[in-house]
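# Need coordinates for the below:
(chains A and B)
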Amino acid sequence: MSVVSFKCKNCGGELLFDPDTQKFHCEYCDSYFTREEVGEEPQETTEEPAAATETEPQPEGDEFYDNVVEYICPSCGAQVIAEASTAATWCYYCHNPVVLSPRLSNELKPDKVIPFVLDKESAAKAFDDWKKKKWFLKPGFSQEARLEKMAGVYYPYWKLDCTAHGYLRAHAEKIRIWRNGNTEYTETSVYQVMREGEVDLDNITFTAINREDIDLTQGVYPFDYTKAVKFSMAYLSGFLAERRMTEQKDMEPRAQEKINQYTQQCLQSTIRGYDHVHVEEYHAQAEREKWEYMLLPAWVMTYQYHGDTYYYAVNGQTGKVCGRLPLSKARLAILFGGVTAAVAAVAALIGGIFL
Amino acid sequence: MKKKVTISLCVVVLLCVMLSFGSVFAASSQRVYDQAGLFTAEEVTELEKRVAGHRESTNLDIVIVTTDNTMGKTSRDYADDFYDYNGFGVGDDHSGVLLLIDMDNRMAYMSTTGKAIQIFTDDTIQAITDRVASNLGNRAYAKGVRVFLDEVEDCVNPNIWGMVLGCLIIGIVGGAIAVASVWYKYTHGHKADQYELSENSSIYLAGREDVFLRRYVTSRNISSNNNSGGGGSSTHTSSSGTSHGGGGSSF
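As a prediction, the model looks like this:
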């Protein structure tokens, strides 16, 4: 397996992508390079001899060896093991960034990438700010939870833009109520409503990994796709990256489901001025689909707290945070007591009026 | 001799008055007068027992009368006279209520006397007789009476603890919903669909039709059946000169 890293043109040190300046930074000589200066194609500093590097594990059928690959670090020459889905990582020994280029080449090459905007500190701050707003979070969490791991990860996504043709027929009612003396009249006007047309749906995003952190990678939506740039491996330098594990055709059933659902919502949103709308017939057909394979940035954090592991993700572009928080039972009890008392008081008041 | 004649005349007149109501001169404890024969013997026994219990707890006399012939009287006059001439009532002001099931005029009429006039406002009486009448309409006569007794009891002795419990249960449901929604937001919020449809979609309608098909009107009677404490109790004077409140509902 060929492995690439991006080298500084001045001193030969490893270049890292710097979210603050959106440039490539050499930590050794403090030089900055633009995307163009780094070059379109990576300078493959270590084009390993095929025989030596394709040390794909021998014992076949072993689950461990099925899921990992070995590669040789271009900087220190150590043999490093990476998971099958890893596309960019760090060498365990010399801590230099490496990109496993075959994982992102040819048909596996992403169309676009949104580079990191938030650096590690900004992401940590976004997480802190988010926690501060969570009143029901266990008060001890902020102090006692131990940050086990924090990494900037480019996750693989499928993004779909499409046009769908939809047809919807509904039974709709307008209701008018008035009183005359002791009699209440209800006038119901029944309409047959039809809507037909084209619906453009943009940026329907699907996670292209199939692991347990799938919820986190969805929870950080949405991204601002207008900031997406043409993919270059150089952006991965200094971050982790995952390659896609699901193909576009695997996404099709879920995509059709979403297109169906969203198209109906769009058509139905144009039916206004009625009190009841009951859909009697609806069908939609996707007409033009444009799929893009994208790498999108997220800071992923693992915390240990009271024997449990908590995962959080911060959108690397917008700073949106998601994840499961441990709840304070005491504060929930306060909420429960307060709401119970308030609702009971209101109920008693209303009951008292009618008694 | 003259004295004897006067006494026997008085007795005859009294008997006539009693008979004019079609009732056998009853023992003082009788409170259920089923002249129209709407109840079975068991039901009469059961209702008598209930009435006695409620009389005790409400400190109001409670009388149940059924008739299929009011001899030309209105339900109101019949009920008031029945109450007055049989000498019902608790205390000097003859406090009590009477429910007349008038099969002649097909009316459930409730008459109030003494303290009961203030306890049962016109609206309350309307609400009670409405509920009774709806049962009578279904020929559930005994059930109608049971509903009446329960309503009377509730008005005199509102079930405070039942109300408190009810409010508490509503409160607990509210609290549980609040806790569940916070719990869900904190633990599962990130699993929701995050797609912003309105920002990512545009729609071009090629066909748009809103065809009027038909229109229909339904109506319903809103009787003032919210037994609110608002409103007062109107009174009238019966043939015996006693003040009564009351009201009825047809069935």
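
# B:Ser234 touches B:Asp122, doesn't it?
Yes. Using Cβ atoms under 8 Å, B:Ser234 makes contact with B:Asp122 at a distance of 5.7 Å. Where you see a C-beta, it was placed from the backbone N, CA and C, and this is true even at glycine.

# So what sits opposite A:Thr188 in the bridge?
Beta-bridge partners for A:Thr188, by DSSP bridges, are A:Ile175, B:Tyr216.

# ranges for the strands of the stretch 201-350 of chain A?
For the stretch 201-350 of chain A, the strands defined by DSSP state E, counting those that start in this stretch cover A:229-230, A:240-242, A:276-305, A:308-315, A:321-323.

# Could you dump these into JSON lines with distance to chain B and mean pLDDT added?
As requested, those are exported to JSON lines (distance: least, Cβ to the nearest Cβ, whole Å; pLDDT from 0 to 100):
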{"stretch": "strand A:229-230", "distance to chain B": "20", "mean pLDDT": "90"}
{"stretch": "strand A:240-242", "distance to chain B": "18", "mean pLDDT": "86"}
{"stretch": "strand A:276-305", "distance to chain B": "11", "mean pLDDT": "92"}
{"stretch": "strand A:308-315", "distance to chain B": "8", "mean pLDDT": "91"}
{"stretch": "strand A:321-323", "distance to chain B": "4", "mean pLDDT": "91"}
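
# would a markdown table of these with mean neighbour count be doable?
A markdown table is the format used below for the strands of the stretch 201-350 of chain A (neighbours: other Cβ atoms under 10 Å in any protein chain shown):
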| stretch | mean neighbour count |
| --- | --- |
| strand A:229-230 | 12 |
| strand A:240-242 | 22 |
| strand A:276-305 | 18 |
| strand A:308-315 | 20 |
| strand A:321-323 | 23 |
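
# Redo those strands as a markdown table? Include distance to A:Gly219.
Formatted as a markdown table, the strands of the stretch 201-350 of chain A follow (distance: least, Cβ to Cβ, whole Å):
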| stretch | distance to A:Gly219 |
| --- | --- |
| strand A:229-230 | 24 |
| strand A:240-242 | 16 |
| strand A:276-305 | 9 |
| strand A:308-315 | 6 |
| strand A:321-323 | 3 |
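
# can you tell which of those is closest to B:Ser134?
Ranking the strands of the stretch 201-350 of chain A by proximity to B:Ser134 (Cβ to Cβ) places strand A:276-305 first, at 29.5 Å.

# Taking strand A:308-315 as reference, get the angle to the closest one.
120 degrees (axes from the mean of the first three to the mean of the last three Cα atoms, to 10 degrees).

# Which elements pack onto strand A:276-305?
On a contact count with 3 or more Cβ pairs under 8 Å, 6 or more residues apart in numbering or on different chains; DSSP states H and E, strand A:276-305 meets strand A:112-113, helix A:120-132, strand A:146-180, strand A:183-207, helix A:214-219, helix A:248-269, strand A:308-315.

# For the fifth one, give the mean pLDDT please.
Translated: helix A:214-219. Mean pLDDT, helix A:214-219: 82.

# Can you list the buried residues in that helix?
By 16 or more other Cβ atoms under 10 Å in any protein chain shown, the buried positions in helix A:214-219 come out as A:215-219.

# what's next to that helix, contact-wise?
Here helix A:214-219 makes contact (Cβ atoms under 8 Å, 6 or more residues apart in numbering or on different chains) with A:155, A:157, A:207, A:209, A:298, A:300, A:311-313, A:322-323, B:189-191, B:194.

# Mark out where each domain of chain A begins and ends.
Per automatic domain parsing, the domain ranges recorded for chain A read A:3-109, A:120-231+A:241-320, A:325-355.

# just how off-centre is the strand or helix carrying B:Gly166 within its chain?
Using DSSP states H and E, B:Gly166 maps to helix B:160-188. A distance of 33 Å separates the centroid of the chain from that of helix B:160-188, by Cα atoms, centre = their mean, to the nearest Å.
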